[in-house]
Structures are given as structure tokens and as C-alpha cells.
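J.: structure for the following, please:
(chains A and B)
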Amino acid sequence: MKMNFNTMSTKSKQYLVSSLLALSLIIPSIVFAQTTAPRTGLKSGLFCDRISELESKIKDRMSSYQTKLEEKRQERSNILENRVNERNTKQEDNRTKWDANRQEHFAKLQAKAQTDAQKQAVNNFIAAVEAAVAKRREAINSAVLSFRQAVDKAIADKKAKTDTALTEYQNSITAAFEKAKSDCTNGVDPKTVRENLLSSLKTAREKFRNDIQNIEKIKNSIQAAADQRQGAIQKAIEEFKLAVQKAGQELRTAFQNQQGQ
Amino acid sequence: MSGKWKIIVSVGVLVIVVAVIVFTQVTKRTSQISNVTPSSGIITGTPSASEEELPAATGNIDDTVSAIVSEALTESSQIEKEMNDDVDTLGLDSQAINDFTQSYNENEF
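T.: Numbers count the residues shown, from 1 in each chain, chains lettered A, B, ... in the order given. This is a model prediction of the structure:
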């Protein structure tokens, strides 16, 4: 139904205008009351009545953050476990394929060898290469295993240190609220109670921030462990290359000598 | 009236020219992206031995030595990447830990 102000009766118009005027007075007072409620409460001592409510709000948040933290930890654990399984399978698969490929190369060399001396030289080459491959793979396996252990240890260290920092943080929060409640009971000015509580919470938070900054440094140690293992792997690779190249050179020499005779 | 038609025709031609230019550019860009993606290796990651072509056996000593060494280099670069990925997972819970600093809001007091 469409309303028209001009067609309204005088009584209706008066009623509408009065209502609008009343609303214009009520709405600002409601908004103003919402923004000033804590101050009013503070002046009249109501802050002390809100302490338990504030404390439980903070504890609820902490509990929710704890749940999220546990989820993240579980997610990381699952990722690492799946990775280990996938990598082991993939590495085994790759090594099998490279083994087969190497045998093809060996077979071609054996087919090329005409004399007993050449055949012996090829056999020596194969033996030297197989020994070098086994040595290199052992060195890599050892470096990878050692790195995985370092990762597990770093994760366990981070968890333990984080849990300790969180317990201390939570204890500090509880202590701050207990002190505030006690002050309220003893008639301390609510304004002072509020300031002291905020100050204690701020100190606790700063300490926690400092703790987690130090905990994050564990990542540096695991990076160092990775660099160290990568160095060990590179060393094994260099030794392997030298061994294979030396065996190759001996084989080349054997073939050249036979051709020269 | 004829002046009005001149404006309409001019604007129409301009709109068609702009549309053709935009269409050409978009098509060109799409074809460039599709050309780059397969060879970039970023999306597909490091191929495993099953995905890559292994060096063919030729009976040549140099080729044999090179093939044997390339296995070692492929494996070590793969392991290096995996180790770096593992280092990164250590920070997976860092944001969740940092969230605890938001446990209280001064404005609520």
C-alpha cells in the first residue's frame, strides 16, 4: 500500500512527526550509551563485576588458538610422514630404473670388448662403478636419515619450548586476573585495578612474544643441519664422480692399448 | 540528423577497433602462457626417473661415464630440494603460535 504524506490526516501527520522527533532523541542516546558503557561502569565500580567475564573471554580465545595450533602440528606431522613414504618409494623406483639403465650401458661395453684383456677391463670398470654407486648411495642414505632425525628433533624442541612458553603466558594471565579480583575485593579504585591488569597482561604478552621469537630461531639450526648434510652429499658426489671418471679412464686406456697392439 | 549519424558511425567504428585490439592482445597472451608453462618445470616439479628419459646406451665410454654420473647429480639435486621443503615445514605452526598474542584486546577493558 502506497502512503502519501499529503493525503494523510492532520492527526496522522502529528503522530508521525512526534514519533520521528522522539526517535531522533532516543537513537543518539542509545548509541552514546553503548560507547560510554565501560567508562560509566569503571566510574561506578562495574569494571570489577566484568573481570570474570573478561577472563573467560580470554581463556576461550586461548583455548580456540590451542585447538588451531594442535591442528597445524598434526598437519605438519601428516605432511612429513607422507613425504617420507613418497620419497622412499620414489627413490627406490628411480634407483631401480637407473640400475637397469646402467646395465644397458655395461652390456654395450661388454659387446664392444673383443679381446680377453678388453673383457677384463670392462669387468674391472663395472666392478669399480658398482662399488662407487653403493658407496655413494650409502652416504646419501646416511645423510638423509641423519637430516630426518634432525628435523624430528627440531620439531620436538619447538613443541616443548612453545608449550612451556604458552604455559607461562597462561599462568601470568591467570595471576593477573587473580590479582585484579583480589584488588577489587579489597576496595582498590577500579581505574587502578584496570590499569594494573592491563599492564600485567601487556608484560606477559611481551615476554611471550620474546619467547616465540627465540623459539623461531630453531629454524636456523635445522637450516644449518640441512646445509651440513647437503655438504656431505656433495662430498659423496664428488668422490663418486672421481671414482667413475678414474674407472672410465682406465677402461679407455685398456681399449687404446689393445687397439695399438 | 546526418550529423548525428556521423557521430554514431564514428563511435561504432572506434568501439570495433578497440574490441579487435583487446581480443588480439588477449589471444596473444594466452598462447604465450600456454607455450611457457610446460617447459618451465615450476608447475610439474622435478621429474622422477620414470618421467624423464634416461641416457641411451651407446657403447661409448664417455657416454657411459656421463650417464652414470648424471644419476648421482639428479638424485642429489632432488634430495637438496626435499631438505629445503622440510626446513620450511618447521614454520607451519608459527602463525598459530603467534595468534596467542591476540588473546586480549585492550579496547574490551
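J.: sec struct for residue A:188, please.
T.: What DSSP: H, G, I helix; E, B strand; the rest coil gives for residue A:188 is coil.
J.: quick check on it: phi, psi?
T.: Dihedral pair for residue A:188: phi -70, psi 150, per degrees, to the nearest 10.
J.: just the pLDDT for it.
T.: For residue A:188, the pLDDT comes out at 91.
J.: cool, residue A:28 as well?
T.: With respect to pLDDT, residue A:28 scores 46.
J.: same thing with the one 4 residues further on?
T.: Looking at residue A:32, its pLDDT reads 42.
J.: repeat for residue B:32
T.: 39.
J.: same question for residue B:6.
T.: For residue B:6, the pLDDT comes out at 72.
J.: what's the neighbour count on it?
T.: Neighbours of residue B:6 under the rule other Cβ atoms under 10 Å in any protein chain shown: 10. (Each C-beta comes from the backbone N, C-alpha and C, glycine too.)
J.: now for it: which residues touch it?
T.: The contact partners of residue B:6, by Cβ atoms under 8 Å, 6 or more residues apart in numbering or on different chains, come to none.
J.: not counting sequence-adjacent ones, nearest residue to residue B:83?
T.: Computed as Cβ to Cβ, 6 or more residues apart in numbering or on different chains, the closest residue to residue B:83 that is not its neighbour in sequence is residue A:226, at 4.4 Å.
J.: mind listing what residue A:72 touches?
T.: By Cβ under 8 Å, 6+ apart, residue A:72 lies in contact with B:92, B:93, B:95, B:96.
J.: out of these, which comes closest to residue A:71?
T.: residue B:96 (7.7 Å; Cβ to Cβ).
J.: contacts only, for the closest one.
T.: Here residue B:96 is in contact with A:65, A:68, A:69, A:71, A:72 (Cβ under 8 Å, 6+ apart).
J.: skipping adjacent residues, who's closest to the last one in space?
T.: What that stands for is residue A:72. Distance criterion Cβ to Cβ, 6+ apart; nearest residue to residue A:72, sequence neighbours excluded, is residue B:93 at 4.1 Å.
J.: and the one you found, what does it touch?
T.: Counted by Cβ under 8 Å, 6+ apart, residue B:93 has contacts A:69, A:72, A:73, A:76, A:158, A:162.
J.: and the first one, what's its pLDDT?
T.: Residue A:69 is assigned 97 on the pLDDT scale.
J.: element containing it, please.
T.: Assigned by DSSP states H and E, residue A:69 belongs to helix A:46-112.
J.: list the buried residues of stretch A:136-147.
T.: Buried positions in stretch A:136-147, judged by neighbour count with 16 or more other Cβ atoms under 10 Å in any protein chain shown: A:136, A:137, A:139, A:140, A:143, A:144, A:147.
J.: please see if that stretch touches chain B.
T.: Yes. Using Cβ under 8 Å from any Cβ of the partner chain, stretch A:136-147 reaches chain B at A:136, A:140, A:143, A:144, A:147.
J.: now do that stretch, average pLDDT.
T.: For stretch A:136-147, the mean per-residue pLDDT is 94.
J.: with stretch B:82-101 instead?
T.: Mean pLDDT, stretch B:82-101: 94.
J.: tally of neighbours for residue A:69?
T.: Neighbours of residue A:69 under the rule other Cβ under 10 Å: 20.
J.: swap in residue A:49?
T.: By the criterion of other Cβ under 10 Å, residue A:49 has 12 neighbours.
J.: ok, residue B:90 - contacts?
T.: A:151, A:154, A:155, A:158, A:218, A:219, A:222.
J.: what about the nearest residue to the last one once chain neighbours are set aside, distance to residue A:76?
T.: If the residues on either side of it in the chain are set aside, residue A:222 comes closest to residue A:154, at 4.3 Å by Cβ to Cβ, 6+ apart. Noted for residue A:154: a distance of 11 Å to residue A:76, by Cβ to Cβ, to the nearest Å.
J.: likewise residue A:93?
T.: According to Cβ to Cβ, residue A:93 stands 26 Å off from residue A:76.
J.: do stretch A:85-101 and chain B come into contact?
T.: Yes. Counting by Cβ under 8 Å from any Cβ, chain B is contacted by stretch A:85-101 at A:87, A:90, A:91, A:93, A:94, A:95, A:97, A:98, A:101.
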